[in-house]
Structures are given as C-alpha cells and as structure tokens.
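Student: need coordinates for the following:
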Amino acid sequence: MDDGLQFGILNDREILRLCRDMNPPLLDPFLSKQKGKPSYGLGSMGYDLRLGENFLVHQPHKTAVLDPRNIAKDLFKKVVRKDYFLLQPHSQVLAETVETFNMPDDIIAIVLGKSTYARLALVVNATPIEPGWVNSILTLELANLSPLPIKLYVGSGIAQVLFFRGKRPGRTYDEKESGGIYQNQKGATLPK
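Tutor: Numbers count the residues shown, from 1 in each chain. As a prediction, the model looks like this:
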C-alpha cells in the first residue's frame, strides 16, 4: 500500500502537515515561519524550538554525587525566568522547551544546538524523541563551556529538532520495558 508517506528526514511541508492535520499536533504551539533572534519556528528541514521559562539549577553541596539511580531532589532548585536566564561559566542547567510534543508511532526526532549559541560555547543536549512519546515538554541540558556567562533568552530559539520517518517499530516509547517513564512530562524534569 502506498499512502504517499516518505521515509527519511521530514521537510517543512511534512512537518507543517503533521502540525496542522494531526490531532493532537506534532508540536504545540507551532509557528509556520521562522521569527526572532535566535530564530524559532519552522525551517526547511526542521523546527527551531523555543526556550521555556522554567529551569532546574544545581544547588551547592560539598559532598553530593549525581547518581542516575538515586537522584537527590534537594540538589536542584526550580527557578522561573520571564526574560532571560544567565548561565554561569562552566556550569549547566536543566531547561524546558515551550513546545509540547506528540510523536507519531513512525517518527523519531533528534535535537541539536543552534549555531548562534554554539559559537558562544553553549552545548545543548537532549536524548532522541522516540516514537509514541506524547503530551510532553522536552527537557534540555544546557552546558556553558565558556569562561563567560551566556544570556539565554526565554521564548527565543534554543535548539533545532529534526524529524525522521521510518517503519513503525515493534515497541514505541510507552510500550518498552522501561514503561515510558518520561511520558506526559510537563517541564524540565529530573531523572526518575
């Protein structure tokens, strides 16, 4: 059966279709044109995500160890910023996107940093956005490798997401053995 779907990276027309015709949409809110500096919105082969206003900041502890199997919640403090967040030199923060994702069962996404911030030594890290990951805001790890603070503008572009279509996997995100523990994530989220 040929339903007209293309495999591989999705272009602007396919992303637009998935954001307008899918219910719920692939991304929400969605902008069909690029705006701002750093830019956000639909690009030719991806989408520029915006930085949300909620951040999880490390609290100073002399003897703490970050353990992915047992995260001490008191090691982080939630901070809300409406205009910008100043990321100090050689530090990192957990942040969120403005956009909520609803991934179809046959699409995966990869998140990359934006060139403007990369030139300032900001590293944007996010794990692949798997098929079936829905109703979730993306958590980003932002690391400043620079000896100077970096100003991160809330509501402006922070990362680019590329979408790829393949055949539906045998198990989507919420069907895996781990149980989709980050499903329905509503903002910057610590490891579970």
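Student: next, work out how far apart Gly43 and Lys176 are.
Tutor: Taking CB to CB, to the nearest Å as the measure, Gly43 falls 30 Å from Lys176. Where C-beta positions appear, they are placed from N, C-alpha and C, glycine not excepted.
Student: please read the previous query as pertaining to Ser39.
Tutor: According to CB to CB, Ser39 and Lys176 sit 34 Å apart.
Student: between those two, tell me which one has more neighbours.
Tutor: Applying other CB atoms under 10 Å to Ser39 and Lys176 shows that Ser39 carries more neighbours, namely 17 against 14.
Student: what about the strands in this protein?
Tutor: Assigned by DSSP state E, the chain shows strands spanning 8-9, 27-28, 41-42, 47-58, 76-80, 84-87, 92-102, 107-113, 122-125, 134-144, 150-153, 157-165.
Student: count of residues packed around Leu56?
Tutor: 21.
Student: for the closest residue to it other than its chain neighbours, give me its contacts.
Tutor: Closest residue to Leu56 apart from its sequence neighbours, by CB to CB, 6 or more residues apart in numbering: Leu94 at 3.9 Å. Leu94 sits next to 55-56, 76, 139-142, 188-190 when contact means CB atoms under 8 Å, 6 or more residues apart in numbering.
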